[in-house]
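In: Just a sequence and a predicted model for now, questions to come.
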Amino acid sequence: METKPACHQCFLRQASDAAKRLNLSAARTDELLATAQAQLQQPSASATPPIIASDLHAMIRHESGCSDPYLAAKQSATEHALSLYPKLKQLLADADDPLDTAIRLAIAGNIIDLGVADAYDLEASIERVIKLTPAINHLPELREALSHAEQVLYLADNAGETVLDRLLIEQLELPVTYVVKGGATVNDATRDDALAAGLDQACEIIDNGAASMGTLLERCSAEFRNRFDRAELIIAKGMANFESLSGSRSGLFFLLQAKCGVVADHLSVAEKSIIILQDQAETAEAETGV
């Protein structure tokens with residue numbers, strides 16, 4: 001997905017938010033933001049938003065000497081989501097359509113995205129998403145794919161959101177491999193975050209070998225790329241995975257909230273819409289018979 005002018009204001013906001021979380025002095029903060037500004041002036045014309053943002057946060061970690069500026073925020077998000085887990089588990093037990101409800105809960109958890117905003121309300125997101133009609137709804141296609149799949153590769157997004165992913169994974173009744181980041185970047189989930197959410201009780205956990213936002217295949221490990229290429233069904237969470245993987249292969253479904261205007265415009269939906277999207281590569285193959 002192309003980087004738009006509006007993306008650069010978001011990148012600068014991310015840099016400012018990271019600096020605040022690092023508790024840097026005013027002078028050091030100014031230096032870091034100046035470096036960020038300079039770096040943002042020279043990205044490749046073909047760089048996608050996840051590439052630019054990943055490189056920006058790598059610079060911030062390097063310059064600050066802090067390997068995970070969002071560690072406390074991730075731990076807090078996971079603890080809060082876990083406090084809701086019993087109630088949400090009961091919601092699924094009482095649901096007329098548990099799969100639909102579990103998918104909605106997983107999408108509701110996608111609000112926990114500190115790359116988009118520095119604050120969020122998880123309970124409000126759950127209440128809204130449970131009632132909202134998806135702007136793009138390929139749930140029938142996803143149901144069909146799940147009915148034929150022997151296993152699922154599930155690409156994680158954010159810490160805390162992991163708990164709501166767990167609810168969906170427990171509902172799938174299929175072997176699932178949950179893929180986290182190979183290192184810290186913003187509040188994206190790492191192996192420690194997945195373990196804290198109890199995902200090891202529900203599925204296999206692997207990392208993709210990259211400390212990058214989304215799934216930048218060229219930066220991922222050969223082992224993960226092999227798993228990605230061989231997977232019969234992939235569920236990918238969040239905007240950065242959509243931005244980095246859209247159009248990449250068949251058998252791929254995106255679950256996300258369109259939390260920014262750039263992504264919403266690209267999808268031709270209203271901002272804050274919820275999306276259950278079968279990748280366009282799948283649609284193109286079906287139309288051409290390839």
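Out: Perfect, thanks for sending it. The structure displayed is predicted, hence computed values, not measured ones.
In: If you tally nearby residues, what's the number for A258?
Out: Number of residues near A258 (other C-beta atoms under 10 Å) recorded here: 24. C-betas here are computed from N, CA, C, even on glycine.
In: before we move on, what SS does the nearest residue in space to it that is not next to it in sequence have?
Out: Once flanking residues are discounted, A258 sits nearest to A264: 4.1 Å by C-beta to C-beta, 6 or more residues apart in numbering. Assigned by DSSP: H, G, I helix; E, B strand; the rest coil, the conformation of A264 is helix.
In: got a pLDDT number for A264?
Out: Note on A264: pLDDT of 96.
In: check contacts around it.
Out: Going by C-beta atoms under 8 Å, 6 or more residues apart in numbering, A264 touches A258, A270, E271, K272, S273.
In: And it, how far from I169?
Out: The gap separating A264 from I169 is 27 Å, by C-beta to C-beta, to the nearest Å.
In: same question, S246
Out: From S246 to I169 the distance is 23 Å (C-beta to C-beta).
In: does L277 count as helix, strand or coil?
Out: strand.
In: That one against Q257, yeah?
Out: No. L277 lies out of contact with Q257 (C-beta atoms under 8 Å); the separation is 11.8 Å.
In: hmm, back to that, name the member of the contacts of A264 with the most neighbours.
Out: Of all the contacts of A264, A258 has the most neighbours under the rule other C-beta under 10 Å, reaching 24 neighbours.
In: Check the secondary structure at A236 for me.
Out: Going by three-state DSSP: A236 is strand.
In: Apologies, that question was intended for F253.
Out: strand.
In: Before we move on, what's the pLDDT of it?
Out: The score at F253 is 99. That number is its pLDDT.
In: per-domain residue ranges of the chain.
Out: 5-64, 71-288 (automatic domain parsing).
In: Which stretch among these is buried most, on average?
Out: Stretch with highest mean neighbour count among the domains of the chain: domain 71-288 (a mean of 19; mean count of other C-beta atoms under 10 Å).
In: Would you pull up how far that one lies from the middle of the chain?
Out: Put simply, domain 71-288 sits 6 Å off its chain's centre (C-alpha atoms, centre = their mean, to the nearest Å).
In: For the stretch 101-250 of the chain, just list every one of the strands.
Out: 136-137, 152-155, 176-180, 204-207, 234-237 (DSSP state E, counting those that start in this stretch).
In: Strand partners (parallel or antiparallel) of the first one?
Out: In the sheet, strand 136-137 lines up against strand 274-278 (parallel) (DSSP bridges).
In: Can you give me the pLDDT of the closest residue to D68 other than its chain neighbours?
Out: Excluding its sequence neighbours, the residue lying closest to D68 (C-beta to C-beta, 6+ apart) is A184, at 3.9 Å. A184 is assigned 97 on the pLDDT scale.
In: Same check on S44?
Out: You'll see S44 listed with a pLDDT of 66.
In: Repeat that for the one 5 residues further on.
Out: pLDDT, P49: 92.
In: hang on, it packs against T3?
Out: Yes. P49 lies in contact with T3 (C-beta under 8 Å); the separation is 5.2 Å.
In: returning to what we had before: list just the one of the strands of the stretch 101-250 of the chain that sits closest to E161.
Out: Nearest to E161, of all the strands of the stretch 101-250 of the chain, is strand 234-237, at 6.9 Å by C-beta to C-beta.
In: Now do that closest one, average pLDDT.
Out: Rounded mean pLDDT across strand 234-237 is 99.
In: Could you export that strand as CSV, keeping only the C-alpha atoms?
Out: The C-alpha coordinates for strand 234-237 follow below in CSV (Å, rounded to 0.1, in the frame of the first residue of the first chain):
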residue,chain,number,x,y,z
ILE,A,234,-3.8,-17.4,6.9
ILE,A,235,-5.6,-15.0,9.1
ALA,A,236,-3.8,-11.6,9.4
LYS,A,237,-4.7,-9.0,12.1
